[in-house]
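1. Return atomic coordinates for the entry below.
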Amino acid sequence: MKKAILAVVLIFILAGAGTPFISGLMMERTLKQVFNDINQIYSDTGSDISIEISRYDRNYSSSLIEWKIKLGTLKAWYGVDELIFLDRAKHGFTNVVSYTSLEKNKWFMDFVNQKLNGENPFKIRTEYNYSGLIEALITLEGFILKDGKEVYEFMPGQMATTFDKGMKNIFTQGIWEGFSVSDKFKIDEISVNSKLEKLSTIIWTGDTTLATKKIEGKNAKSQFELSNVKCDYSMDVDKTGNALSFRMGYVIDSIVVDQNQIKDASIRIGINRINIEGYKEFIKIGSEVMKNAMEDMPEVSPQDNEKAKKAAEKRMASLGLQMIPVYEKLLKQGLEIQISDLKAQLSKGQIKGDITLGLRKDMTLAQFFPIMMQPGLALDIFSLKSDVSLPYELIADKKNLLHPIFPGMHTGFFVKKGNNLIHSAETRNGKLFLNDQEVKLEKAGQK
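-> This is a model prediction of the structure:
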């Protein structure tokens, strides 16, 4: 009996002694899988960014890992080929904790030594658990930069990101106390919350919210202040699985520019029922076009801002033409652009509005051109519903708003109702109604 007990105790001792070694194996396997998943995302989206492990020294109770993010064609934009990270990991009995350093990047160390007196304000801590859960915490300590007469103050902050080994779900929470530039600009307390779920390497559903308490700035002639600013973004896929929707909303409690104030301002912008296959092609082809554009971008010294600006403008103009076939991937029947919850309280009254514009059939950009000659064709292509209300006193010259300016209109775009200018428009059964009056739009073959 005593021998059996001693054997069991010995087994537990040996198992406990081997746990740090096993933890190290677990971390290596998890890290390599995460890097493979990230590289797959880059590849599927047409990006030439990649992540790779250049050194992995695993010991009994610790590991030293050097890994890199290769920037590919983004080198032309950032001026560096790669970002180098050095992880020092400690193998525990229940997890592995790794501390990441940027010390291998000369540009970063030059910045720390020359601008921050050798004090690195950034700390990165990552915890790997046996469950496959990975928790990363980035911490920023407050620091001050001086550039001539300007003083840049960066307040403390931290951001925590949690994801599983297969990167199916990613959760992010962060708060930053703010940033200021002398007495000219200040942003106070920024928070971020995000919850994303991977449906594919290209499509991530979920929502993200970004908020700040106050943004204020001033110069010799003017000043502004925004209070309680909130921006939220979401993406979801419909029940059929064939279409997805993006929505972005902004809410601001108060906007003050000099002596003028706007209260309770908000707007929500949605792009609904986007064809998923078209979206995937849009992302991949768009990335390829952008990559090619960056490859052709001439190398310009960061000090030559004017030359860099002209090179970027020239390349962007060319890029716009190349993207035309990409845009057409999205012009599918059912696509809808929606502006909703538009409102703002002014001293002269309230602005309110909702506008929805939908596509009734698949289109190419060239197919839109005939509308300029025959506006009635728009009724075969678009569906429309809009309601807008403006304070009557807000608009100085109301003539073009209240009187018909096109043939077939019985009213202006707006009609006066009480102290407001009211607009409503809707397409019904191939007809356009403006402020409850049908607008006669001529089509081909009609007289």
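
2. and residue 153, backbone torsions?
-> Dihedral angles of residue 153 (phi, psi; degrees, to the nearest 10) stand at phi -110, psi 120.

3. who does it bridge with?
-> residue 144, residue 180 (DSSP bridges).

4. least trustworthy helix or strand in this structure by mean pLDDT?
-> When the helices and strands of the chain are scored by mean pLDDT, DSSP states H and E, helix 305-322 comes last with a mean of 62.

5. in the helix or strand that it is followed by, what's buried?
-> Going down the chain from helix 305-322, the next helix or strand is helix 324-327, by DSSP states H and E. For helix 324-327, the neighbour count (16 or more other CB atoms under 10 Å) marks residue 326 as buried. Every C-beta, even on glycine, is put in place using the N, C-alpha and C of the backbone.

6. Which strands or helices does helix 324-327 pack on?
-> helix 276-296 (3 or more CB pairs under 8 Å, 6 or more residues apart in numbering; DSSP states H and E).

7. Next, name the residue at the spatial heart of this structure.
-> residue 233 (7.9 Å; CA atoms, centre = their mean).

8. Over to that one. Which of the three states is it?
-> strand (DSSP: H, G, I helix; E, B strand; the rest coil).

9. what sits against it?
-> 207-209, 246-249 (CB atoms under 8 Å, 6 or more residues apart in numbering).

10. now, which of those residues lie within strands?
-> Within the contacts of residue 233, residues falling in strands by DSSP state E are 207-209, 246-249.

11. so what's residue 237 closest to, chain neighbours aside?
-> Distance criterion CB to CB, 6 or more residues apart in numbering; nearest residue to residue 237, sequence neighbours excluded, is residue 244 at 4.8 Å.

12. what does stretch 194-204 contact?
-> The set of residues external to stretch 194-204 that reach it, using CB under 8 Å, 6+ apart, is 40-41, 44-45, 167-173, 205-209, 235, 237, 244, 276, 279-280, 283-284.

13. What mean pLDDT does it get?
-> For stretch 194-204, mean pLDDT is 92.

14. go on, stretch 267-278?
-> 93.

15. for it, which positions count as buried?
-> 267-268, 270-276, 278.

16. Repeat that for stretch 353-366.
-> Neighbour-count burial for stretch 353-366 [16+ other CB under 10 Å]: 353, 355-356, 358-360, 363.

17. about what we covered before: just the buried ones from the contacts of stretch 194-204?
-> 41, 45, 167, 170, 172, 206, 208, 235, 244, 276, 279-280, 283-284.

18. rewinding a little: surely the residue nearest to residue 237 touches residue 235?
-> Yes: counting by CB atoms under 8 Å, residue 244 does reach residue 235; the two are 6.3 Å apart.

19. Check the gap between residue 51 and residue 389 for me.
-> 51 Å (CB to CB, to the nearest Å).

20. okay, now the residue lying closest to residue 433 once chain neighbours are set aside: neighbour count?
-> Using CB to CB, 6+ apart and skipping residues adjacent in sequence, the residue nearest residue 433 is residue 426, 5.2 Å away. Around residue 426 there are 15 other residues, counting by other CB atoms under 10 Å.

21. same question, residue 25
-> So residue 25, with other CB under 10 Å, has 13 neighbours.

22. Read off the pLDDT value for the closest residue to it other than its chain neighbours.
-> The shortest distance from residue 25 to any non-neighbouring residue, by CB to CB, 6+ apart, is to residue 58 (7.6 Å). Per-residue pLDDT puts residue 58 at 90.

23. Show me where this structure has its helices.
-> Using DSSP state H, the helices of the chain run over 2-44, 75-78, 106-115, 276-296, 305-322, 324-327, 378-381, 399-402.

24. anything in contact with each of residue 244 and residue 235?
-> Common neighbours of residue 244 and residue 235 (CB under 8 Å, 6+ apart) are 203, 205.

25. Which parts of the chain belong to which domain?
-> 1-182, 331-447 (automatic domain parsing).

26. Turn the ones you listed into TSV, including distance to residue 253.
-> Listed next are the domains of the chain as TSV, based on distance: least, CB to CB, whole Å:
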stretch	distance to residue 253
domain 1-182	17
domain 331-447	10
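
27. lowest-confidence stretch among those?
-> What stands lowest among the domains of the chain, in mean pLDDT terms, is domain 1-182, with a mean of 86.

28. you'd agree residue 353 is up against residue 385?
-> No: the criterion here is CB under 8 Å, and residue 353 misses it with residue 385 at 11.6 Å.

29. can you tell me how far residue 217 sits from residue 225?
-> Between residue 217 and residue 225 the computed distance is 8 Å (CB to CB).

30. Next, count neighbours for residue 33.
-> By other CB under 10 Å, 14 other residues sit near residue 33.

31. can you count the residues close to the residue lying closest to it once chain neighbours are set aside?
-> The shortest distance from residue 33 to any residue other than its chain neighbours is 5.8 Å, reached at residue 165 (CB to CB, 6+ apart). If you count neighbours by other CB under 10 Å, residue 165 ends up with 18.

32. same question, residue 54
-> Residue 54 has 12 neighbours, counted by other CB under 10 Å.

33. Tell me the spacing between it and residue 380.
-> Distance, residue 54 to residue 380, by CB to CB: 59 Å.

34. Same check on residue 136?
-> With CB to CB as the criterion, residue 136 and residue 380 are 52 Å apart.

35. Equivalent analysis for residue 85, please.
-> 56 Å.

36. In terms of neighbours, single out the busier of these two.
-> Using other CB under 10 Å, the more surrounded residue of residue 85 and residue 380 is residue 85, with 20 against 11.
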